[in-house]
Every structure is written in C-alpha cells, then in structure tokens.
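Asks: Fold the following for me, if possible:
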Amino acid sequence: MAISVQRFIKLANFYNQTAMIMSAICVNKGGIAMENYNGRFYAADLLEYIVEYGRRLVEVDKNLSPEIVNLINRFAVQFEKVKDLTTPTQKPIYEMSLEEFEKIMNI
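Replies: Residues are numbered from 1 along each chain as shown. The predicted structure follows:
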C-alpha cells in the first residue's frame, strides 16, 4: 500500500468516527467512563497505527501541508497519553532475554 495523504485522512476520519461511537456506547451503557470501556485498547492500537502512518508520511513527503503536519502532531500527542494501553509487541522466544521470557511466562 502506497503511503499517501488521502489514506492518512481516511484513517484519521475513521479514528474520529470510532471515538464518537465509543463515546455513544459509553453513554448508552449508563454513562461509564471512557477509561473503563474495553474498547479503549482497540482505540489505542488504532491510534498507534495512525501515528506511525503519519510518521512515515512525513518521511516520504517532505512537502506536506502545515495542516496535515499539525494533524499528525495532534495524533502523536494524543497517543502519548494512551500508549500504555496498546497491545504489546511480542518478540519471538529466541530473541528474548531470560528476564523477558520469564515475564511473558509469568515465572
């Protein structure tokens, strides 16, 4: 897939719609806080993907409009607040240190 501004904008719109739907679900379930909603992990993973896509877009296209760069930066700031909610990247066992392996195996 080619990295393009149009695809980034589609991803950004998708994330914004997802956040709006998540908010509506929380209200519908009795006003639970977004911090207690299970979908927050999915939203954090999605935001991580969008931030990485934006970072690569900046690397590829040096003539991005300031609006797009500002949007990428806003997503990055938002991601910093929720990065501890993302699904951890797991290394193959043969690349792990003993401590990492013990932590994964709960030893």
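Asks: tell me the mean pLDDT for stretch 32-41?
Replies: Mean pLDDT, computed over stretch 32-41, is 87.
Asks: first vs last residue of that stretch, how far apart are they?
Replies: The first residue of stretch 32-41 is 16 Å away from its last residue (C-alpha to C-alpha, to the nearest Å).
Asks: List the buried residues of it.
Replies: Tyr37, Arg40 (16 or more other C-beta atoms under 10 Å). Just so you know, the C-beta spots here come from the backbone N, C-alpha and C atoms, and that holds for glycine as well.
Asks: which residues are contacting it?
Replies: Residues from elsewhere that reach stretch 32-41 (C-beta atoms under 8 Å, 6 or more residues apart in numbering): Met22, Ser23, Ile25, Cys26, Lys29, Val82, Leu85, Thr86, Thr87.
Asks: And stretch 20-30, by the same measure?
Replies: Ile32, Ala33, Met34, Tyr37, Gly39, Arg40, Ala43.
Asks: Just put those in CSV and tack on secondary structure and distance to Met96.
Replies: Output for the contacts of stretch 20-30, formatted as CSV (DSSP: H, G, I helix; E, B strand; the rest coil; distance: C-beta to C-beta, whole Å):
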residue, secondary structure, distance to Met96
Ile32, coil, 37
Ala33, coil, 35
Met34, helix, 33
Tyr37, coil, 32
Gly39, coil, 30
Arg40, helix, 28
Ala43, helix, 28
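Asks: Among these, which one sits closest to Ile3?
Replies: Closest approach between the contacts of stretch 20-30 and Ile3, by C-beta to C-beta: Ala43, at 22.2 Å.
Asks: How much space separates that closest one from Met22?
Replies: Computed as C-beta to C-beta, to the nearest Å, the Ala43 to Met22 distance reads 6 Å.
Asks: For the contacts of stretch 20-30, give me a markdown table that also has distance to Val60.
Replies: Formatted as a markdown table, the contacts of stretch 20-30 follow (distance: C-beta to C-beta, whole Å):
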| residue | distance to Val60 |
| --- | --- |
| Ile32 | 40 |
| Ala33 | 38 |
| Met34 | 33 |
| Tyr37 | 34 |
| Gly39 | 31 |
| Arg40 | 30 |
| Ala43 | 26 |
